[in-house]
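Q: Generate a structure from the sequence data that follows.
(chains A and B)
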Amino acid sequence: MMAIPGESRLRYHCQLRQSAGERRADTHPLTWRLREDGARIGLDEYREKDGYEAAIRTLEKCTPGDVIGTMKEANVRGRGGGGFSAGLKWSLTQVGDHLPRGYLICNADEMEPGTFKDRLLLEQLPHLLIEGMIIAAYANRSCYGYIFLRSEYVEAARSLALAIGEAREAGLLGKDVAGSGFDFDIALHTGAGRYICGEETALINSLEGKRANPRAKPPFPGQSGAWGKPTVVNNVETLCNAPGVMQHGVDWYRGLSGGRSEDGGTKLYGVSGLVERPGLWELPIGTRGREILDRAGGMREGHTLKAWLPGGGSTGFLLPEHLDLPMDFDTIGQYGSRLGTGLIAVVSRRQSIVSLMRNLEQFFARESCGWCTPCRDGLPWTVKILQALERGEGKPDYIEILEQHTVGLNPARTFCAHAPGAMMPLESALRHFRAEFEAGIAQASLEGVG
Amino acid sequence: MGNTGMSDSGMSKAQSGVGAGRRIATDGDGFILHQDDRRAMLTERDHYEQPQAACIEALKIVQRRHGWVPDGAIAAIAETLGVGTGEVEGVATFYSLIFRQPVGRHVILLCDSSSCFLTGSEELSAALSERLGIRFGETTEDGRFTLLPVCCLGACDRGPAMMIGDDTFGPVAVDDLDELLGAYS
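A: Down below sits the predicted model:
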């Protein structure tokens, strides 16, 4: 027996790159409570650090309508990648005395390529998520919450199970939450793989114990979701924003961006790829890509930046000249990409874009649920074409075929956002790096055409 | 019991590859659901409005004990939860981390998504394949390891990343493989 895995220097530990000294309650609402050693914050420590005060006060003093109004005004936008206003989503949940109370689902199925932010909150700060869920459940009159966690997040599962138990024992979950008269409990639901489970209606099917195919919309989950009940699905980071908003108010939250963006709050930004110090930081929303990349120490020696994905495998490539844009939903959206999850992946000049695109489309092709034909058949076709271009065996019409896919797999033509997401990096790669694709067309075939 | 005729067409190539290695003894036809597992499934069932919701967890309960999900378990789960056998099989073949054929003692999940690709996952996977003598979807002759690709592991700041069993590692260099694999017997 060699090294014990638990002690191996190779073992992965999720860590924020900011020291405790840099993080304050009024500027880093998501991470100020985190410890330098990265250990899980238990209930006692969480409560010593003002934990659950926001939820208790909300249940005591606010109506559900107040909460939704506050979230709307604060402009908390969905941190799972969609950027949809959380307050607006909550306002669309069907509630009423004549209707059954519905469900709240936390989407903790983090699998977007290049995204490693929710893992930090789940492992180290599970009570912040539970507190956010209590507030969200109250606003939406949800009777029960599920945390849909990907099965590979083993440490997060341990941490959440402990935290749910602690909260229940302290009367913060279950009947009559904190003496408020409001009943709400949470169960941890772990998945069994498949990226498509992150799509909110596929996630609901998966929660119900079915194949994770997406559902037709409308009806939207807010009208008819899990078991036909009104259902709210929010990302981990989104829910973790709620306690701060309720505790410190709209003006404070909107001020966190310091004028960098119309969006409110802070964002967990990160960098992966060939940089000196890849990592994760909590920064004002609208921070420029360049500042984030600087925090990561810039490109690794011998590499220069060729392109970057701003927020996951389903976002479009941006160029070095875009590093000075504020990283928020609307701005990045204006440049043919999306903020997505806000975790940057850098591409070195030494990396072939065609090969990277082949890798990305292999991912999306494998992860297609197969429900609708354009996605099931179109994505493997792009993989075959990209593989041929990678080998220099492309045919003259291959680029045109790829371009047809970027149109043919657009949102109007597929059941969910999976294939359109897969086409976003491809469309932008063809736009920015067309010559690389052209170089993959076999010379012999070109001569044949002439 | 003894339901052996189900199609595996829903499985990805990686899952359905039988592998170069020997086939580990199957107990498909004579499957007996352990009493503790049955109880655990019924407890899970109570977390949901409908019993079918517990079927993914039920499959995982079987898999924790047996390493994989034999045919007989599908019928046993269906009976325990009161749902159709076809429903359970449909779910079992959809999810990549439910194994419908025997796997090794340790399942290696190698992240092949973009951030790990950018930091060298293809070199790592080639080296791992060579060292183990298997490709993705296969199990080593000695039944020690099964190698599978996995969606972005959310360890992108330390790519290339991989899991062995429940343990996550990264960044893993080709030179680290001996040390890492040596810890799993």
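
Q: Quickly list the domain ranges of the chain.
A: Picking chain A for this. A:14-255, A:266-348, A:353-449 (automatic domain parsing).

Q: my question was about chain B
A: B:13-92, B:106-182.

Q: what stretches of chain B score poorly on pLDDT?
A: B:1-29 (pLDDT under 70).

Q: hang on, the earlier thing: mind putting the domains of chain B in JSON lines, mean neighbour count and distance to A:E166 included?
A: In this view, the C-beta of every residue, glycine as well, is placed from N, C-alpha and C. Supplementary listing: the domains of chain B in JSON lines, determined by neighbours: other Cβ atoms under 10 Å in any protein chain shown; distance: least, Cβ to Cβ, whole Å:
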{"stretch": "domain B:13-92", "mean neighbour count": "18", "distance to A:E166": "19"}
{"stretch": "domain B:106-182", "mean neighbour count": "21", "distance to A:E166": "22"}
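
Q: Could you dump those domains into a markdown table with distance to A:D50 added?
A: Listed next are these as a markdown table, based on distance: least, Cβ to Cβ, whole Å:
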| stretch | distance to A:D50 |
| --- | --- |
| domain B:13-92 | 31 |
| domain B:106-182 | 28 |
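
Q: Now render the ones you listed as CSV, adding distance to chain A.
A: Below are the domains of chain B laid out as CSV (distance: least, Cβ to the nearest Cβ, whole Å):
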stretch, distance to chain A
domain B:13-92, 4
domain B:106-182, 4
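
Q: between those, which one is nearest to A:L356?
A: Taking Cβ to Cβ, domain B:106-182 is the member of the domains of chain B nearest to A:L356, at 6.8 Å.

Q: centre of the chain versus that closest one, how much separation?
A: 14 Å (Cα atoms, centre = their mean, to the nearest Å).

Q: Surely A:G96 is in a helix?
A: No - under DSSP: H, G, I helix; E, B strand; the rest coil, A:G96 falls outside any helix and is assigned coil.

Q: Pull the number of nearby residues for it.
A: Other residues near A:G96 come to 8 when the count uses other Cβ atoms under 10 Å in any protein chain shown.

Q: same deal with A:A55?
A: 28.

Q: could I have the helix or strand where it lies exported to PDB, CA atoms only?
A: Using DSSP states H and E, A:A55 sits in helix A:53-61. The C-alpha coordinates for helix A:53-61 follow below in PDB (Å, rounded to 0.1, in the frame of the first residue of the first chain):
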ATOM      1  CA  GLU A  53     -30.900  36.100  11.400                       C
ATOM      2  CA  ALA A  54     -32.100  37.100   7.900                       C
ATOM      3  CA  ALA A  55     -34.400  34.100   7.600                       C
ATOM      4  CA  ILE A  56     -35.800  34.500  11.100                       C
ATOM      5  CA  ARG A  57     -36.400  38.200  10.700                       C
ATOM      6  CA  THR A  58     -38.000  37.600   7.200                       C
ATOM      7  CA  LEU A  59     -40.400  35.000   8.600                       C
ATOM      8  CA  GLU A  60     -41.300  37.300  11.500                       C
ATOM      9  CA  LYS A  61     -41.700  40.600   9.800                       C
END
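
Q: Not counting it itself, show me its contacts.
A: The contact list for helix A:53-61 (Cβ atoms under 8 Å, 6 or more residues apart in numbering or on different chains) reads A:67, A:131, A:134-135, A:138, A:172, A:177-178, A:180, A:182, A:242-244, A:246-247.

Q: out of those, which are inside helices?
A: A:67, A:131, A:134-135, A:138, A:242-244, A:246-247 (DSSP state H).

Q: what are the ranges of the strands in chain B?
A: According to DSSP state E, chain B carries its strands in the segments B:106-111, B:145-150, B:162-164, B:167-169.

Q: Ok, chain A next?
A: Under DSSP E, chain A gives strands at A:103-108, A:144-149, A:185-190, A:231-235, A:266-272, A:279-284, A:305-309, A:343-348.

Q: nearest to B:V91, of those strands?
A: strand A:185-190 (13.8 Å).

Q: Tell me which other helices or strands that closest one touches.
A: strand A:144-149, helix A:154-169, helix B:55-66 (3 or more Cβ pairs under 8 Å, 6 or more residues apart in numbering or on different chains; DSSP states H and E).

Q: same thing but at 10 Å, please
A: strand A:103-108, helix A:126-140, strand A:144-149, helix A:154-169, helix A:200-207, helix B:55-66 (3 or more Cβ pairs under 10 Å, 6 or more residues apart in numbering or on different chains; DSSP states H and E).

Q: mind putting those in a markdown table, distance to A:G265 included?
A: Below are the helices and strands packed on strand A:185-190 laid out as a markdown table (distance: least, Cβ to Cβ, whole Å):
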| stretch | distance to A:G265 |
| --- | --- |
| strand A:103-108 | 18 |
| helix A:126-140 | 13 |
| strand A:144-149 | 22 |
| helix A:154-169 | 23 |
| helix A:200-207 | 21 |
| helix B:55-66 | 34 |
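
Q: that older thread, so which of the strands of chain B comes closest to B:F94?
A: Taking those one by one with Cβ to Cβ, strand B:145-150 is closest: 15.4 Å.

Q: pLDDT wise, what is A:P5 at?
A: Looking at A:P5, its pLDDT is 56.

Q: same check, this time on the one 10 residues further on
A: Per-residue confidence for A:Q15 comes out at a pLDDT of 93.

Q: Quick one: residues contacting B:S121.
A: Residues near B:S121 by Cβ atoms under 10 Å, 6 or more residues apart in numbering or on different chains: A:359, B:110-115, B:128, B:149, B:159-162, B:172.

Q: which one of those residues is nearest A:G209?
A: Closest to A:G209, out of all of the contacts of B:S121 and judged by Cβ to Cβ, is B:P149, at 25.2 Å.

Q: is it true that the closest one touches B:S113?
A: Yes - counting by Cβ atoms under 10 Å, B:S113 is a contact partner of B:P149 at 9.0 Å.

Q: Mind listing the shared neighbours of those two?
A: A:362-363, B:121.

Q: quick one on the thing from earlier: can I get the contacts of B:S121 in TSV with distance to A:E199?
A: Formatted as TSV, the contacts of B:S121 follow (distance: Cβ to Cβ, whole Å):
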residue	distance to A:E199
A:N359	21
B:L110	24
B:C111	20
B:D112	21
B:S113	17
B:S114	19
B:S115	21
B:L128	31
B:P149	20
B:G159	25
B:P160	26
B:A161	24
B:M162	26
B:V172	30
